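1. Structure here, sequence nowhere to be found:
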RNA sequence: GGCCCGAUGGUCAAUCGGUUAAGACAUCGCCCUUUCACGGCGGAGUGGGGAGUUCGACUCUCCCUCGGGUCACCA
């Protein structure tokens, strides 16, 4: 009887589960190798939490000489967007994450455990569903959405657990011949699992992050195949992760509540369960309270936000690693230049409560990351960012490549590296005043400090120009600056001034500030000697001249 | 509401029954310094509440409280 029903429901399915078991044999990998997967829905953008998970997938596979593949979970046509697969692949590539197997574009894939796009695996899911129906472990359900709503309402009124189970599972109670008849009549249906669970029994489950968790068994006759013939997440998860021979399922903690169901599915299907690593949700501080970071409200929920703001991918990943394993931070401090692969991720060290995304901390991580880059690299990556988000700046950088790199190289070498760039967007403020095109067109208020008298400023500049030689070494340069200071009644040394503040008008710093502001229009700049040298005498004269009326 | 998870400074967190309760970011002060940044030193700031267990509890147990997740033909 059941066989007849199964054939009727799935007339085109001629394969058996055994066929697929043989088609996708156990992977031949070294002991301990982890097979992980990133399994997103192509809904249009990459969430920071997805990036967090994908990074973990990649790291774990790498450090165990395993495999990390990409599976596309497109079983819900309603939420899908065009080109969703490419958005995912390219979005992750930006952060340096690529896959060994799986979808590589909308039309191609690689690897021998495919198809890796769920909508193309319909026959596989149906084959297993058919087998379940045959064995009396699944059945067609003809309830309409309205009927289901009515059941739920009744349950809510009775204050009992909602869902399709027990006495509420009306179609479960249909006789096989009744089912056959209704299928024959062409009534639409879904396929439900005939749950063998009992509410009074408990299951124990081990998660790498949370340890052992106890749940009551699943009793819900959940839908495994929807009316469009595609599987639900739960069914696809069991079948795909089994057939693709996943060893470690890494997914967000929102899935832990469906563990009883998944345990049951694996059992009914006769599959061995993989290990699970349920990762914490990344949270957002919302006026003092914690909430899940939301793609609607929070721009920083999108992974692309970080790239668009000019935060290097290494910094984003490093920050995520900090959240992942808190010992990463110390490791990174000791190994600022080491590749990520040298850090061993420990799944047990993952925190089980969701961390607040801290953009300020990210900026600090990023600042340190950029401090390890050469001027050439800062130039290249900064330019690449500017080409997309600040074309005026990009134009300037390209017009004066050597000048720009020279500036970027100031205080970039040696042990005390300048850390004033935390994102490429900072480059605008760091560079623009050094280009004459901007300097002479943009209004800027000269923030003179101690010396504000125009005539004195002019005198100082004039005197300075008389002794300035762009070929001087730093000591000579500074000595000359001190000479000028002395000439105008300012102490050569700050210390002298501090000792006897009444004997001087000020100190050498006041003089250098005049030169700095006259030259750049601002008080905070990198080392003045280096800047002056790069700018050269001609440019300095031109800039000083603007103060003449 | 049921089920599950969690709770250490503003944030990320270490400790795994005995500690002056690490460290990082942020913040404040000082020092270094021709400005800024860097760097150095220091300060302030933490175990949600209540019962137990124990010679001893941040650590173990229970209750409360609070936070989070989940209860779809979405993943």
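-> Thanks, I have it. Since we're looking at a predicted model, the values are computed, not measured.

2. and stretch A:234-249, how far out from the chain's middle?
-> Averaged C-alpha coordinates place stretch A:234-249 at 24 Å from its chain's average position (CA atoms, centre = their mean, to the nearest Å).

3. hey, where'd the strands end up in the stretch 351-500 of chain A?
-> A:490-491 (DSSP state E, counting those that start in this stretch).

4. now residue A:419: how far from residue A:293?
-> 27 Å (CB to CB, to the nearest Å). From N, CA and C alone the C-beta is placed, and that goes for glycine too.

5. and residue A:279, what does it touch?
-> A:49, A:52, A:53, A:56, A:209, A:250, A:251, A:252, A:253, A:350 (CB atoms under 8 Å, 6 or more residues apart in numbering).

6. Tell me who's in contact with the nearest residue to residue A:412 once chain neighbours are set aside.
-> In this structure, residue A:412 finds its nearest non-sequential neighbour in residue A:375, 5.4 Å apart by CB to CB, 6 or more residues apart in numbering. With contacts defined as CB under 8 Å, 6+ apart, the neighbours of residue A:375 are A:405, A:406, A:408, A:409, A:412.

7. For the stretch 101-250 of chain A, what lies in contact range of RNA strand B?
-> By CB under 7 Å from any atom of the strand, the residues of the stretch 101-250 of chain A that approach RNA strand B are A:143-145, A:148, A:152, A:159, A:161-164, A:188, A:190, A:210-211, A:213-216, A:222-223, A:226-228, A:230-233.

8. From those, which land in strands?
-> Residues of those located in strands (DSSP state E): A:190, A:211, A:213, A:214, A:215, A:216, A:223.

9. need the contact list for the fifth one.
-> Under the criterion of CB under 8 Å, 6+ apart, the contact partners of residue A:215 comprise A:202, A:203, A:205, A:259, A:260.

10. What subset of those is buried?
-> A:203, A:205, A:259, A:260 (16 or more other CB atoms under 10 Å).

11. how far away is residue A:319 from residue A:311?
-> 9 Å.

12. Mind listing the shared neighbours of those two?
-> A:362, A:366.

13. Residue A:419 and residue A:293: who's more crowded?
-> Neighbour count, other CB atoms under 10 Å: between residue A:419 and residue A:293, residue A:293 has more, with 22 against 14.

14. Without its sequence neighbours, what residue ends up closest to that one?
-> residue A:284 is the one closest to residue A:293 (CB to CB, 6+ apart), at 4.2 Å.

15. Checking that neighbour next. Helix, strand or coil?
-> strand (DSSP: H, G, I helix; E, B strand; the rest coil).

16. show me what contacts it?
-> Residue A:284 touches A:290, A:291, A:292, A:293, A:294, A:298, A:300, A:301, A:356, A:357, counting by CB under 8 Å, 6+ apart.

17. do residue A:118 as well
-> Residue A:118 neighbours (CB under 8 Å, 6+ apart): A:71, A:72, A:73, A:74, A:75, A:230, A:231, A:236, A:240.

18. ok, now which ones touch the second one?
-> With contacts defined as CB under 8 Å, 6+ apart, residue A:72 is in contact with A:39, A:40, A:41, A:42, A:84, A:85, A:88, A:102, A:103, A:116, A:117, A:118.

19. try 6 Å
-> A:42, A:85, A:103, A:117 (CB atoms under 6 Å, 6 or more residues apart in numbering).

20. And for residue A:349?
-> So residue A:349 contacts residue A:325 (CB under 6 Å, 6+ apart).

21. ditto for the one 5 residues further on
-> For residue A:354, the contacting residues are A:280, A:281, A:283, taking CB under 6 Å, 6+ apart as the criterion.

22. Which phi and psi values does the closest residue to the second one other than its chain neighbours adopt?
-> It refers to residue A:281. Distances taken as CB to CB, 6+ apart place residue A:354 nearest to residue A:281, at 4.1 Å, with adjacent residues excluded. Backbone torsions for residue A:354, taken as degrees, to the nearest 10, come to phi -70, psi 130.

23. gap between residue A:354 and residue A:44?
-> 23 Å.

24. List the contacts of the residue lying closest to residue A:482 once chain neighbours are set aside.
-> The shortest distance from residue A:482 to any non-neighbouring residue, by CB to CB, 6+ apart, is to residue A:492 (4.1 Å). Neighbouring residues of residue A:492 by CB under 6 Å, 6+ apart: A:482, A:485, A:486, A:508.

25. again, but for residue A:425
-> Contacts of residue A:425 (CB under 6 Å, 6+ apart): A:309, A:310.

26. Give me the pLDDT value at the residue nearest to residue A:245 when sequence neighbours are not counted.
-> Leaving aside its sequence neighbours, residue A:245 sits nearest to residue A:27 (CB to CB, 6+ apart; 4.8 Å). The model reports residue A:27 with a pLDDT of 95.

27. so how far is residue A:275 from residue A:27?
-> From residue A:27 over to residue A:275 (counting by CB to CB), the distance is 15 Å.

28. repeat for residue A:43
-> 27 Å.

29. Which residue of those two possesses the greater neighbour count?
-> Neighbours per residue, other CB under 10 Å: of residue A:43 and residue A:275, the larger number sits with residue A:43, 18 against 14.

30. Now do the nearest residue to the more buried one once chain neighbours are set aside: how many residues are near it, please.
-> Nearest non-adjacent residue to residue A:43, counting by CB to CB, 6+ apart: residue A:79, 5.0 Å away. Residue A:79: 12 surrounding residues under other CB under 10 Å.

31. ok so, going back, narrow the contacts of residue A:72 to those in strands?
-> Using DSSP E, the contacts of residue A:72 in strands are residue A:103.

32. among the contacts of residue A:72, which ones are buried?
-> Buried among the contacts of residue A:72 (16+ other CB under 10 Å): A:42, A:85, A:103, A:117.

33. distance of the second one from residue A:511?
-> This points to residue A:85. With CB to CB as the criterion, residue A:85 and residue A:511 are 63 Å apart.

34. Same question for the third one.
-> Distance, residue A:103 to residue A:511, using CB to CB: 65 Å.

35. ok, now the first one?
-> Residue A:42 sits 63 Å away from residue A:511 when distances are taken as CB to CB.
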